[in-house]
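**Q** how does the following fold in three dimensions:
(2 chains)
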Amino acid sequence: DARVTQTPRHKVTEMGQEVTMRCQPILGHNTVFWYRQTMMQGLELLAYFRNRAPLDDSGMPKDRFSAEMPDATLATLKIQPSEPRDSAVYFCASGKGFAVTEAFFGQGTRLTVV
Amino acid sequence: AQSVTQLGSHVSVSEGALVLLRCNYSSSVPPYLFWYVQYPNQGLQLLLKYTSAATLVKGINGFEAEFKKSETSFHLTKPSAHMSDAAEYFCAVSDQDSGYALNFGKGTSLLVTP
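**A** Model prediction:
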């Protein structure tokens, strides 16, 4: 059963600490999206990659967030230093092709920064 | 820039009643349109999609939506609500200008009462 795998599922950290979230896209999918979900803002696109190349990361706070794809099976989202306002659920989604007609979402990482 | 507006952040229907969730989009080029469902503590699951083929689209769990270009709408309907339909529903748009990244609406929480 192909699915997008995100780790960890839950993370509680102290303000100022580095946080790394990982995503394993579905095998064969060449497009990866990172979204952040909060009650106030809903689902915000942070960044996305196609064929491991970053296409758009304009939704990310550049001074503290970074997203990479070290290889086709791993995407990472890092926050350094973390702040309480970063508390949210972070979703990774993957899809196939240039015009993605179905994006498959992972279960999300629930981040709490205290 | 493309965007999606979902009218009504909360919708309540009786079991067996018609479900109608509203979505209006803006896009300067032909869009792809999607409805996703999210159950508590879960990722998003695709219900249905419009990708420039038939304007009436049928999805899973008895849901359907109709693309109306003249009204820039893509409303989601189901003839008869089940208790299991209670969830958060998201409309999303993508197009060539956005690099086919999904841009989500704020979501509509559907409550089904006995």
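**Q** got the residue ranges for the strands in chain A?
**A** Using DSSP state E, the strands of chain A run over A:5-7, A:10-13, A:19-24, A:31-38, A:42-50, A:53-56, A:65-71, A:74-79, A:88-95, A:104-105, A:109-113.
**Q** weakest of those strands by average pLDDT?
**A** Least confident of the strands of chain A, judged by mean pLDDT, is strand A:53-56 with a mean of 90.
**Q** enumerate the residues of chain B near chain A.
**A** Residues of chain B lying close to chain A (CB under 8 Å from any CB of the partner chain) are B:32, B:36, B:42-46, B:49, B:51, B:90, B:94, B:96, B:99-107. C-beta here means a position set from N, CA and C on the backbone, and glycine is covered the same way.
**Q** can I have the buried ones of those as a ChimeraX selection?
**A** Filtering those down to the buried ones (16 or more other CB atoms under 10 Å in any protein chain shown) takes a single ChimeraX command:
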select /B:32,36,43,44,46,49,51,90,94,100,101,102,103,104,105,107
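**Q** in strands, which of the residues of chain B next to chain A appear?
**A** Counting by DSSP E, these place B:Tyr32, B:Tyr36, B:Leu44, B:Gln45, B:Leu46, B:Lys49, B:Phe90, B:Ser94, B:Asn103, B:Phe104 in strands.
**Q** ok, now which ones touch the residue nearest to the last one when sequence neighbours are not counted?
**A** Same thing as B:Phe104. Nearest residue to B:Phe104, sequence neighbours excluded (CB to CB, 6 or more residues apart in numbering or on different chains): A:Leu43, at 4.1 Å. By CB atoms under 8 Å, 6 or more residues apart in numbering or on different chains, the contact set of A:Leu43 is A:Tyr35, A:Arg36, A:Gln37, A:Phe91, B:Phe90, B:Phe104, B:Gly107.
**Q** give me the spatial nearest neighbour of the first one, chain neighbours excluded.
**A** Meaning A:Tyr35. A:Phe91 (4.5 Å).
**Q** now do the same contact list for the one you found.
**A** Contacts for A:Phe91 (CB under 8 Å, 6+ apart) come out as A:Gln6, A:Phe33, A:Trp34, A:Tyr35, A:Arg36, A:Gln37, A:Leu43, A:Phe105, A:Gly106, A:Gly108, B:Gly43, B:Leu44.
**Q** swap in A:Tyr35?
**A** Taking CB under 8 Å, 6+ apart, we find A:Tyr35 in contact with A:Leu43, A:Glu44, A:Leu45, A:Leu46, A:Tyr90, A:Phe91, A:Cys92, A:Ala93, B:Phe104.
**Q** what is it paired to in the beta sheet?
**A** A:Tyr35 forms beta bridges with A:Leu45, A:Phe91, as assigned by DSSP bridges.
**Q** may I have stretch B:106-114 as PDB, with CA atoms only?
**A** The C-alpha coordinates for stretch B:106-114 follow below in PDB (Å, rounded to 0.1, in the frame of the first residue of the first chain):
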ATOM      1  CA  LYS B 106      -9.900  27.700   4.500                       C
ATOM      2  CA  GLY B 107     -12.000  24.600   4.800                       C
ATOM      3  CA  THR B 108     -15.600  23.800   5.800                       C
ATOM      4  CA  SER B 109     -16.400  21.700   8.800                       C
ATOM      5  CA  LEU B 110     -19.300  19.400   8.100                       C
ATOM      6  CA  LEU B 111     -21.400  18.300  11.100                       C
ATOM      7  CA  VAL B 112     -24.000  15.600  10.500                       C
ATOM      8  CA  THR B 113     -26.800  15.300  13.200                       C
ATOM      9  CA  PRO B 114     -29.000  12.300  13.800                       C
END
